[in-house]
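# need the 3D shape of this:
(one chain, ligands or ions: 1)
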Amino acid sequence: MTQTFAALGVSSAFLSALQDIGYQQPTPIQSKAVAKLLDGHDLMGVAQTGTGKTAAFALPLLQRLDEANEPARPRQPKSLILAPTRELALQIHTELENFAKNTSLRSAVIFGGVGQNPQVRQLQKGVDVLVATPGRLLDLVGQGHVDLSMVCVLVLDEADRLLDMGFIRDVKRIVQQTPKSRQSLLFSATMSKGVSQLARQMLRDPIRVDVSPKQPTVEKIDQRVIMVETPDKLEMLRALLHDESLSRAIVFTRTKHGANKVAKKLCAAGISADAIHGNKSQSARQRALADFKKGRTWVLVATDIAARGLDIEGVSHVINFELPHEPEGYVHRIGRTGRAGASGVAWSLVDPSELSRLRAVEKLIRQAVARFDTALKKLDPEDTGRSKTETATSQADDRREGGSSRRRHGRQRRNQRRAA
Ligand code: AMP
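Numbers count the residues shown, from 1 in each chain. Here you go, the predicted structure:
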């Protein structure tokens, strides 16, 4: 189906902005959603970052506001986009500004971890579109700096992530403060019970758009595992970073401390790297991201907070210094490469104690990941540790990990909330 943005009903102010940005054709989710959203329908979108979902919701939202042509009132945003993390909120805001550059629409972004006064000042001037993380928004609502009673379009982006991070009560409180007559959109990469429940409460007769890939991993990503003991991982990482085909890499660690340590060691080895995680101040996080995007550093060492949503061009390699606790995290991490049709490589450094995690990943992605030894020689599948001893070890691992999973989930949620 070849379609144009004009045929979907996108108006000239936005068409010329799209031309400047270089969007020539709508992506599938844009083709399916834009016209319906312009008509005012609610929408349930099952879509990951990378599908073009931001433009799918932002273009109709902006165009409807532009056509209504009503001045923005102080403290009363006309539309609200909720996002789980500051980075995602900032990224959405940047896209909105690009799309709306030929209009007089005003947008603002608010999130925690930075002073609230500049945000309050912007709200007082009046904004058409507000992008926010839930915690800071409720804070400002509580202080009387925001009034949500005029919100006519509400977007929940990455709803599954919002729920995973324990924001469900905040989200419900926010939804309750918006008018019932609003248009509502909910996007989620996965459809859990919690997300379906929220959708039922929030949406009225929504159109459903599902563009989730059948295989959760991007096909163009070449996935590889190196079996390596933890003390040797750093050396292995340095060797991988010397690969000539590598232009820009994100290295994922499980802990903030680990991210700092790896970044420091890489810098000491003359590799320009920086770390990004939830313990850094917001300005340090933005600086690390900007340096990486602009090529001032070419290795970004990140915890999972950076795994979702971030759209950085030209990441040729993702390297998992450790596998994440949850197999879904692996899919989100490696999705930082192989974007917009490009190919990418995802290495995972796997200590024997992480084998049960690797199995969980392979089960999720429904494929075996090629194993390499530390000399980067591809191992024969017959030799890749499917021996009886290993199976027994991994079963023991599974049992151990299963036993502590509830504690771990609670801890993870708390950590994620803190990080956001
Ligand atoms: P998103 O899923 O909204 O995060 O978008 C993923 C990436 O695709 C971003 O880099 C967008 O700028 C890009 N993108 C979105 N829509 C289009 C389009 N129609 N043509 C080209 N690139 C697009």
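# and for the residue in the stretch 251-400 of the chain positioned nearest to the ligand, the neighbour number?
Per Cβ to the nearest ligand atom, residue 311 is where the stretch 251-400 of the chain lies closest to the ligand, at 4.5 Å. Glycine gets a C-beta too; all of them are placed from N, C-alpha and C. Neighbourhood size, residue 311 [other Cβ atoms under 10 Å]: 17.
# do I have it right that it meets residue 50?
Yes. Between residue 311 and residue 50 there is a contact at 7.3 Å, judged by Cβ atoms under 8 Å.
# contact partners for the residue lying closest to residue 46 once chain neighbours are set aside?
Nearest residue to residue 46 in three dimensions, chain neighbours excluded: residue 210, at 4.2 Å (Cβ to Cβ, 6 or more residues apart in numbering). Residues counted as contacts of residue 210 (Cβ atoms under 8 Å, 6 or more residues apart in numbering) are 45, 46, 47.
# residue 145 contacts residue 121, doesn't it?
No. Contact between residue 145 and residue 121 fails when scored by Cβ under 8 Å: they sit 9.6 Å apart.
# which one's more surrounded, these two?
More neighbours surround residue 145 than the other of residue 145 and residue 121, with 19 against 11 (other Cβ under 10 Å).
# and the gap between that one and the ligand?
Look at residue 145 and the ligand: by Cβ to the nearest ligand atom, to the nearest Å, they are 29 Å apart.
# tell me the SS of that residue?
coil (DSSP: H, G, I helix; E, B strand; the rest coil).
# which one is it nearest to, not counting chain neighbours?
Nearest to residue 145 is residue 120, by Cβ to Cβ, 6+ apart, at 4.8 Å.
# now that neighbour: how far from residue 141?
According to Cβ to Cβ, to the nearest Å, residue 120 and residue 141 sit 12 Å apart.
# check residue 228 too.
Counting by Cβ to Cβ, the gap from residue 228 to residue 141 is 49 Å.
# ok, now residue 324?
34 Å.
# what about the two, which has more around it?
More crowded of residue 324 and residue 141, by other Cβ under 10 Å: residue 324, with 22 against 17.
# test my guess that that one contacts residue 254.
Yes. If you go by Cβ under 8 Å, residue 324 and residue 254 touch, sitting 6.6 Å apart.
# which neighbours do the two share?
With Cβ under 8 Å, 6+ apart, residue 324 and residue 254 have common neighbours residue 304.
# which SS state does residue 323 fall under?
coil.
# now the phi/psi pair for the residue nearest to it when sequence neighbours are not counted, please.
In this structure, residue 323 finds its nearest non-sequential neighbour in residue 357, 4.3 Å apart by Cβ to Cβ, 6+ apart. Main-chain torsions, residue 357, degrees, to the nearest 10: phi -70, psi -40.
# which ones are touching residue 357?
323, 324, 325, 327, 350, 401 are the contacts of residue 357 under Cβ under 8 Å, 6+ apart.
# tell me the contacts of the second one?
Residues near residue 324 by Cβ under 8 Å, 6+ apart: 252, 254, 304, 307, 330, 333, 357.
# can you do 7 Å?
254, 304, 330, 333 (Cβ atoms under 7 Å, 6 or more residues apart in numbering).
# could you pull out the strands for the protein?
43-46, 79-82, 107-110, 129-132, 153-156, 183-188, 207-210, 221-227, 249-252, 273-276, 299-302, 317-320, 344-350, 370-372 (DSSP state E).
# domain ranges for the protein, per the record?
12-210, 221-379 (automatic domain parsing).
# next one: residue 84 from residue 177, what distance?
19 Å.
# interface residues of the protein facing the ligand?
23, 25-27, 30, 49-55, 311, 340 (Cβ under 6 Å from any ligand atom).
# now do 8 Å
Within the chain, the positions adjacent to the ligand are 5, 18, 21-27, 29-30, 47-56, 91, 95, 309, 311, 313, 339-340 by Cβ under 8 Å from any ligand atom.
# beta-bridge partners for the closest residue to residue 82 other than its chain neighbours, please?
In this structure, residue 82 finds its nearest non-sequential neighbour in residue 156, 5.2 Å apart by Cβ to Cβ, 6+ apart. Under DSSP bridges, the beta-bridge partners of residue 156 are residue 82, residue 186.
# for the stretch 201-350 of the chain, which spans come out with low pLDDT?
212-219, 306-310, 339-342 (pLDDT under 70).
# one more time with 50
214-215 (pLDDT under 50).
# can you count the residues close to residue 135?
Every residue meeting other Cβ under 10 Å relative to residue 135 is counted, giving 17.
# quick one, what contacts it?
112, 170.
# which of the contacts of residue 210 has the weakest pLDDT?
On pLDDT alone, residue 47 ranks lowest of the contacts of residue 210, at 87.
# how about the contacts made by it?
29, 53, 187, 209, 211, 212.
# show me the contacts for residue 167.
84, 134.
# could you do residue 30 as well?
Residues near residue 30 by Cβ under 7 Å, 6+ apart: 52, 55, 56.
# ok, now residue 29?
45, 47, 51, 52, 53, 56, 209, 211 are the contacts of residue 29 under Cβ under 7 Å, 6+ apart.
# top of the contacts of residue 47 by neighbour count?
Ranked by neighbour count (other Cβ under 10 Å), these have residue 187 at the top, with 27 neighbours.
# that one contacts residue 162, correct?
No. Under the criterion of Cβ atoms under 7 Å, residue 187 is not in contact with residue 162, lying 10.3 Å apart.
# mutual contacts of those two, please.
residue 156.
# rewinding a little: ok, residue 84 and residue 177, which is more surrounded?
Neighbour tally, residue 84 and residue 177, criterion other Cβ under 10 Å: the higher count belongs to residue 84, 27 against 15.
# check what pLDDT that one gets.
Residue 84 is given a pLDDT of 93.
# so what's it up against?
By Cβ under 7 Å, 6+ apart, the neighbours of residue 84 are 133, 158, 161, 162, 165, 167, 420.
# count of neighbours near the nearest residue to it once chain neighbours are set aside?
With Cβ to Cβ, 6+ apart as the criterion, residue 84 has its nearest non-adjacent residue at 4.2 Å, and that residue is residue 161. For residue 161, the number of neighbouring residues by other Cβ under 10 Å comes to 22.
# can you give me the distance of residue 161 to residue 130?
Separation of residue 161 from residue 130 (Cβ to Cβ): 19 Å.
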